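Engineer: After the sequence you'll find the predicted model.
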Amino acid sequence: MAAVQQRARRRLVEQWLLLTVRTLLIAMVVLAVAEPYIERAGFAYAPGKSVHHVLVFDGSYSMGYKPTEKTRFERAKELARRIVEESPQGDAFSLVLMSSSPHVVVGTPALEPRAVIDEIGALQMPDTIANLPAAITSIRRLMKNARRENPRLTRQKVYFLTDLQRETWAPKLSAADAAEFRRKTEELAQMAALVLIDLGHPQAENLAITNLQTTDPLTMVGHNVPLVVDLKNFGRQSLDAQPVELFVDGRRIQRKTTNVPPGGTASVKFSYRFDSPGDHVIEVSAIGDALEVDNHRFLAVPVRRSVRHILCVDGRPSGRPFHGAADYLAVALAPGDDPTGAATMQADIVTESALLERNLNEYECLFLCNVAQFTASEARVLDTYLQGGGSLVIFLGDRVLADRYNRELGVSGQGRAGGPRILPARVGPVVNQPQFQLDPRDFRHPVLHSFRGRGQASLLKTPVFKYYKLDIPKNSPSKTVLAIANGDPLVVEQPVHRGHVFLIATSAEPAWTAMPLWPSFVPLVREIVSWCAAGRLQQQNITVGQPLEVSMARPNAEIPPSILSPDGRSHPARPHGEGDFTTLSYANTLQSGVYVVRLGPPIDRTQTFAANVDTAESNLTQVDPEELRNEVWPGIPFLHQTSWQDSGETAVGSPNREGTRLHVGLLYAALGLLFLETFLGWKWGYHGGSGKTWNMRKHKPKTPNP
């Protein structure tokens, strides 16, 4: 009886051991499958394994596309909130806005979900394009800092919430930049799992206003201003009777319709006459599609009553009429037969000593006629004048010392270190070979546009007896406006600082050329002045993201100006600079529309700027994920999703999979328990014949014979 009882107890222990092994086997399999749900519930399986989520919002304005009641950007914010809310407790988050210049909204990993959700809710989509290479650089830097400051964040994921628009995701880069971009992306993929959440639509339709301009460089009171509006259809459907509306200073003026073919363009022309001087705003609108921001375009137009602030410096004044170059220029600027009945341009004539005596800030354009040479002080004054937005027109002549010009004024791309670089070309020797034919270079420069088709014969047959040979440096931004028939430049133009410089190789008096006596002289001079005076038009119309700048005289530098943005908010700004001018620069032009700079007493004036979107972003064509995988990011692992799915998976091949290997260990343990259960069952006889089980009643020992 004692032996029977002892064997029964041993059998009971064996059965409990087998039951424990089999129960653990089932538990291991269940836990391995349930790992993502355990993490989501906030039960960490090991210390130091929290995840750092980097949420990257595509800030290009194509994310404003609104196919339903919500824009792509609003959907991105909803998904980002879900990622934060459904992530396990202990995870950290960072936010990056990918725009023309990446903006790190939350850099230091935030552990409080509510604070991150509040930041997501406060995000605003800019009207810029997105710079993917710059964003990759910022994200890498952010993650390196996070690893250094938070060692426990060993796992990292980067979510790109984007529409995969081609302009952003297939950037046009040089070979060197493309190699650098790929290298940095590979490093990022080694640091974190990359997840692309695709919010785009393959067949998105879009119409955009790609251009709004006036064909006149200078807008005058009482003159009709011709306006040209260009539209482009980026979709596959024809847009018939597309309405286009004209607004001036917020008032609706005119409405026209046009047909825009699929993938094609169309132009609409308007005309408007301003009755008052000052800054005015023109807006055109072509509403009707799901992307609103590029259906509007703005133009800030400074309207003049006259252009009287012109200074002519005569290098050889004679005291007798028409014995100096400045006299011919004065008549050209204010001819007696002005068809308007009032001279819109008038010049003050002074000697060269006035360069240091006059306040050049009062003049929009400065003519230098046959001035022999310049001192270092005069060169600095002219350079400062150009920094303030003024323009120079330099006529050469028999008194000019070419070496002093080149040395003191400096040549673009050359010149001494630290000195001014004013001249658009190097002044060479005098050419004493009469020429009787000019080359207008296909009338490409705006100064010559008015000569195309009318008056061009008079211009092209202008006799030139002497001229200086001008040498334009290689890779110079200088443009040849007018050339001699033999190819030598006669008129060269170049933007310098905030102004323009025109260099004319001959004189403004009949000794070297018949140009001052020719019918084309008056319109040529006036077109040059108009082009120079219209510099404000170019400076007051910028692209979204480009800083706006206003130059002021130094005595007014301490006046605190303010800037009114398109959303109606006022922003303080402080000027900065050295010398006679100070510059107010405002870089936060991330919204399209009208910006107004307000300068307080004693200036008491406003200046209007118009910021327009870069219409390259208006093409909503997507990059196919396979194209992205094979061409843009070849060999770089990433996961492509059309919505957020917290499956616990990361990109195939990503090293971050090592951070989530609990299920692997559990499955290995289950396999080991399976082998152990088989061995124990064999050893104790519970896996013998077909009729054998581990039921205690089937294995009850027989009572031995006495």
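Structural biologist: Thanks, I have it. Numbers count the residues shown, from 1 in each chain.

Engineer: domains of this protein?
Structural biologist: 37-203+620-660, 207-304, 307-422+449-462+498-537, 546-612 (automatic domain parsing).

Engineer: Including mean neighbour count, could those domains go into JSON lines?
Structural biologist: For every residue, glycine as well, the C-beta is placed using N, CA and C. Converted to JSON lines, the domains of the chain look like this (neighbours: other CB atoms under 10 Å):
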{"stretch": "domain 37-203+620-660", "mean neighbour count": "18"}
{"stretch": "domain 207-304", "mean neighbour count": "17"}
{"stretch": "domain 307-422+449-462+498-537", "mean neighbour count": "19"}
{"stretch": "domain 546-612", "mean neighbour count": "16"}
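
Engineer: Reformat the ones you listed into CSV and put distance to residue 488 next to each item.
Structural biologist: Shown next, in CSV, are the domains of the chain (distance: least, CB to CB, whole Å):
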stretch, distance to residue 488
domain 37-203+620-660, 35
domain 207-304, 27
domain 307-422+449-462+498-537, 7
domain 546-612, 35
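
Engineer: Redo those domains as TSV? Include mean pLDDT and distance to residue 431.
Structural biologist: Listed next are those as TSV, based on pLDDT from 0 to 100; distance: least, CB to CB, whole Å:
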stretch	mean pLDDT	distance to residue 431
domain 37-203+620-660	85	41
domain 207-304	93	31
domain 307-422+449-462+498-537	83	8
domain 546-612	80	38
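
Engineer: Quick one, which of those domains gets closest to residue 492.
Structural biologist: For the domains of the chain, distance to residue 492 was read as CB to CB. The smallest value, 4.8 Å, belongs to domain 307-422+449-462+498-537.

Engineer: Quick one: distance of that closest one to the chain centre.
Structural biologist: 36 Å (CA atoms, centre = their mean, to the nearest Å).

Engineer: Ok, stretch 523-542 next?
Structural biologist: 26 Å.

Engineer: again with stretch 293-312
Structural biologist: Worked out by CA atoms, centre = their mean, stretch 293-312 lies 24 Å from the chain centre.

Engineer: do you know how far residue 151 is from residue 106?
Structural biologist: 19 Å (CB to CB, to the nearest Å).

Engineer: quick one: residue 224 and residue 269 touch, right?
Structural biologist: No - taking CB atoms under 8 Å as the definition, residue 224 is not a contact partner of residue 269, at 11.6 Å.

Engineer: For residue 673, which of the domains of the chain is the nearest?
Structural biologist: For these, the distance to residue 673 is smallest for domain 37-203+620-660, at 18.9 Å, taking CB to CB.

Engineer: okay, which residue is most central for the chain?
Structural biologist: residue 100 (4.1 Å; CA atoms, centre = their mean).

Engineer: Next up, phi/psi of it, please.
Structural biologist: phi -60, psi -40 (degrees, to the nearest 10).

Engineer: ok, now which ones touch the closest residue to residue 572 other than its chain neighbours?
Structural biologist: Spatially, and ignoring its direct neighbours in sequence, residue 572 is nearest to residue 562 (5.8 Å; CB to CB, 6 or more residues apart in numbering). Residue 562 makes contact with 570, 571, 572, 573, 597, 598, according to CB atoms under 8 Å, 6 or more residues apart in numbering.

Engineer: and with 7 Å instead?
Structural biologist: Residues in contact with residue 562 (CB atoms under 7 Å, 6 or more residues apart in numbering) are 570, 571, 572, 573, 598.

Engineer: what's the spacing between the residue nearest to the centre of the chain and residue 547?
Structural biologist: Counting by CB to CB, the gap from residue 100 to residue 547 is 12 Å.

Engineer: now residue 144
Structural biologist: Per CB to CB, residue 144 is found 30 Å from residue 547.

Engineer: repeat for residue 638
Structural biologist: 35 Å.

Engineer: Just tell me which of the domains of the chain ends up closest to residue 28.
Structural biologist: domain 37-203+620-660 (13.3 Å).

Engineer: Distance from the chain centre to that closest one, please.
Structural biologist: Distance, centroid of domain 37-203+620-660 to centroid of chain: 20 Å (CA atoms, centre = their mean).

Engineer: Equivalent analysis for stretch 273-291, please.
Structural biologist: Offset of stretch 273-291 from its chain centre (CA atoms, centre = their mean): 23 Å.

Engineer: Give me the average confidence score over the longest helix seen in the chain.
Structural biologist: The longest helix of the chain (DSSP state H) is helix 2-33. For helix 2-33, the mean pLDDT works out to 83.

Engineer: buried ones in it?
Structural biologist: Across helix 2-33, burial judged by 16 or more other CB atoms under 10 Å covers 11, 14, 15, 18, 21, 22, 24, 25, 28, 29, 31, 32.
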